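K.L.:
Build the 3D model from these lines:
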Amino acid sequence: MSTPKTLRIPAGVDVGTVSSVRGDFAVHDARPSGESSGHVLLVPGFTGSKEDLTPILPLLARAGWHATAYDQRGQYESAGADSDDYSLDGLAADAIALREAVAGPGTASHLLGHSFGGVLAQIAVLTAPQAWRSLILLCSGPGAFAVGAELKALPMFINAVDSVGLAGVHDFQQSHRPRVAPDIAAFLRARFLANSPAGLKSLARHLLEAPDRIDDIAALGVPAFVVRGQDDNAWPHEVQDAMAVRLDTEVLVVEDSAHSPAVENPAGTVRTLLPLLRR
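P.N.:
This next block holds a predicted model:
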């Protein structure tokens, strides 16, 4: 989850819903004014939403790219019933279907996954490699967390969703975080409470159980890249470094940012991404 600096939708970003064979998904979409260099699909992470990636959309469009960020099934403004499929395969199928609905059949898009979105994006690439021009893992990892505070926090999160509900979980979490402006606080609460409880619990389990598929990604031949914020505090830096080596690449670091570079340093993030998209 990222905390936005503003709730204002940037000029050039369209807010809407895209219908696909897997259902309807809320999107923020930005298109270049001239000829397009191609399409980029951006996937948010656990407890996040499209807004975590919105600040970089107009910058990508200005550089010639059609860029789409979306709420995953059960996230914020994309509907998700408790009985829906929140498996990694199911969420990957959603990404593949949405990509085709936005960019068209017979094309290929770049795929950027932020945090948990990167874990999910790996499955989407493995499922339909022909649909993707590249994979960019932003502040993400090779699979489930293997070390760190998340190993204790995520099981507690799952239990708390059942015992105190989303409102109770949100209020407890926010009481331990820095205060934000009232409008931002209201957005964070509304977004969290709009999530599917079953979906949130499933994503938390994936962060505890998702297999490491990096060697499979490397064997595909789809170009894969690793980008993180300078002070990223999710997957350890050494884990991301090792992941990059296995993908025959190197970690690119966005300065003046932590786990949410697209919000914390949009211009720096896009400067880092553009050479990858142009390869």
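K.L.:
Show me the helices in the stretch 151-279 of the chain, by range?
P.N.:
165-175, 182-194, 197-209, 214-220, 237-246, 261-264, 266-277 (DSSP state H, counting those that start in this stretch).
K.L.:
And the stretch 1-150 of the chain, by the same measure?
P.N.:
57-62, 88-103, 116-127, 150-163.
K.L.:
okay, the ones you listed, which one's buried deepest?
P.N.:
helix 116-127 (a mean of 25; mean count of other C-beta atoms under 10 Å). Glycine gets a C-beta too; all of them are placed from N, C-alpha and C.
K.L.:
now that one against helix 237-246, angle please.
P.N.:
Interaxial angle, helix 116-127 versus helix 237-246 (axes from the mean of the first three to the mean of the last three C-alpha atoms, to 10 degrees): 20 degrees.
K.L.:
neighbouring contacts of stretch 93-112?
P.N.:
Defining contact as C-beta atoms under 8 Å, 6 or more residues apart in numbering, one finds that stretch 93-112 is touched by 18-23, 25, 27, 29, 38-43, 53, 66, 68, 70, 72-73, 85, 120-121, 124-125, 127-128, 130-136, 138, 273, 277.
K.L.:
quick one, strands of the stretch 1-150 of the chain?
P.N.:
Counting by DSSP state E, counting those that start in this stretch, the segments of the stretch 1-150 of the chain that form strands are 13-20, 23-30, 38-43, 65-70, 109-114, 132-138.
K.L.:
Only C-alpha atoms, please: export the second one in PDB.
P.N.:
What that stands for is strand 23-30. Extracted in PDB, the C-alpha atoms of strand 23-30 (Å, rounded to 0.1, in the frame of the first residue of the first chain):
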ATOM      1  CA  GLY A  23     -15.100  -9.300 -15.400                       C
ATOM      2  CA  ASP A  24     -14.900  -5.500 -14.900                       C
ATOM      3  CA  PHE A  25     -11.900  -3.800 -13.500                       C
ATOM      4  CA  ALA A  26     -11.400  -0.200 -12.400                       C
ATOM      5  CA  VAL A  27      -8.600   1.500 -14.200                       C
ATOM      6  CA  HIS A  28      -6.600   4.700 -14.500                       C
ATOM      7  CA  ASP A  29      -5.500   5.000 -18.100                       C
ATOM      8  CA  ALA A  30      -3.200   7.500 -19.900                       C
END
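K.L.:
for it, packing partners?
P.N.:
Counting contacts by 3 or more C-beta pairs under 8 Å, 6 or more residues apart in numbering; DSSP states H and E, strand 23-30 is packed against strand 13-20, helix 57-62, strand 65-70, helix 88-103.
K.L.:
so what's the residue sitting nearest the centre point of the chain scoring on pLDDT?
P.N.:
Centroid check for the chain by C-alpha atoms, centre = their mean gives Pro44 as the closest residue, at 2.2 Å. On pLDDT, Pro44 comes in at 99.
K.L.:
and the residue nearest to Ser83 when sequence neighbours are not counted, what does it touch?
P.N.:
Using C-beta to C-beta, 6 or more residues apart in numbering and skipping residues adjacent in sequence, the residue nearest Ser83 is Ala198, 7.7 Å away. If you count contacts by C-beta under 8 Å, 6+ apart, Ala198 has them with 74, 80-84, 86.
K.L.:
Name the nearest of those residues relative to His114.
P.N.:
Using C-beta to C-beta, Gly74 comes nearest to His114 of the contacts of Ala198, at 16.9 Å.
K.L.:
so that closest one sits right up against Leu166, yeah?
P.N.:
No - judged on C-beta atoms under 8 Å, Gly74 makes no contact with Leu166 at a distance of 11.8 Å.
K.L.:
Please name the bridge partners of Leu42.
P.N.:
Beta-bridge partners for Leu42, by DSSP bridges, are Ala69, Leu112.
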